[in-house]
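# Could you work out the structure for the sequence below:
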Amino acid sequence: MSLFQEIRDASRAVAERADFVRIDEAALKKYALALPAAEMAAPTLDPSRHFLDRGADTAAFIVTLDTINFGSGWFPHLKKRPGLSGYFTVASALNDLFRAEGPLTASRLAHLNGAECARIFEQDTESPLACELMQRFATALNDLGRLLIDSYRGSFTALIESAGNSAEKLVRLLSAIPFFDDVAKCRGQRVPFYKRAQLTAADDVVPPEFSRQYVEAKQKNKEDVVLVELPKADHFDLIDPRSTAWAHIEDAVLRLL
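This next block holds a predicted model:
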């Protein structure tokens, strides 16, 4: 069985056993047909926040960023750049570092500490929760650096090329790092997610046109659906009461009650 099929099968099993959530099976095909396949196949990244079009250095940026693409529970306590979410604050700081100093080498990654991460990501060292996340970032990046040194001659490119153009194999390779190996248990069943590893294999920000076409299709079917676009917001902002997006989320929920 392929790894991706294992993820789908386990997710299906969890959904089928859920106590409070149900999936409308009859609506799935109609929903799938409404998805804009072209936009899904051509993801985009914000060039102002990501280190793009630099070949091997961009590969290093993407792998490094996705290694620390976690921590939404700490985001309300992070010092954020004006108008940016937690994710884009982290991405922008890493982008600035790459532009100023070049990629973080495997050796440097393997020896980073929490204080250095706080400096890189512009965090308040007097904030215990921010420091806790920075230490977790350091641990994740240390693991990445050691993997690159031990198995790929310190090369990000060698890691990616060893996957042989297979997203599934890259996910498997990255799961050797504990912070990428996100597998849970549900009622005794193993449930793999490998979220960050999958993001690394196909890193993207969902284009707004995806949502616009979906809403257009639903409105043509006379369904009651409204699109609210929140510039510079990411999925973590939707659960962060301190984000600029939160007022819109609260208003939408209250209107449904």
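
# any idea which residue sits dead centre in this structure?
Centroid-nearest residue in the chain: Asn69, 5.1 Å away (criterion: Cα atoms, centre = their mean).

# isn't Leu173 right next to Phe156, touching?
No - in this structure, Leu173 is not within contact of Phe156 by Cβ atoms under 8 Å, at 11.8 Å. Backbone N, C-alpha and C define where each C-beta goes, glycine included.

# Surely the residue nearest to the centre of the chain touches Arg196?
Yes - the pair Asn69 / Arg196 is scored as a contact, 5.2 Å apart, by Cβ under 8 Å.

# Next up, the contacts around Thr157.
56, 59 (Cβ atoms under 8 Å, 6 or more residues apart in numbering).

# any idea how far Asp143 is from it?
As judged by Cβ to Cβ, to the nearest Å, Thr157 and Asp143 stand 19 Å apart.

# where do the helices sit along the stretch 151-257 of the chain?
156-161, 167-174, 195-201, 208-220, 246-256 (DSSP state H, counting those that start in this stretch).

# Out of those helices, which is closest to Val183?
Proximity to Val183, assessed across the helices of the stretch 151-257 of the chain by Cβ to Cβ, is greatest for helix 195-201 (10.7 Å).

# Off-centre distance for that closest one?
Helix 195-201 has its C-alpha centroid displaced from the chain centroid by 7 Å (Cα atoms, centre = their mean, to the nearest Å).

# likewise stretch 161-169?
With Cα atoms, centre = their mean, you get 19 Å for stretch 161-169.

# Now do the buried residues in it.
By 16 or more other Cβ atoms under 10 Å, the buried positions in stretch 161-169 come out as 163, 168.
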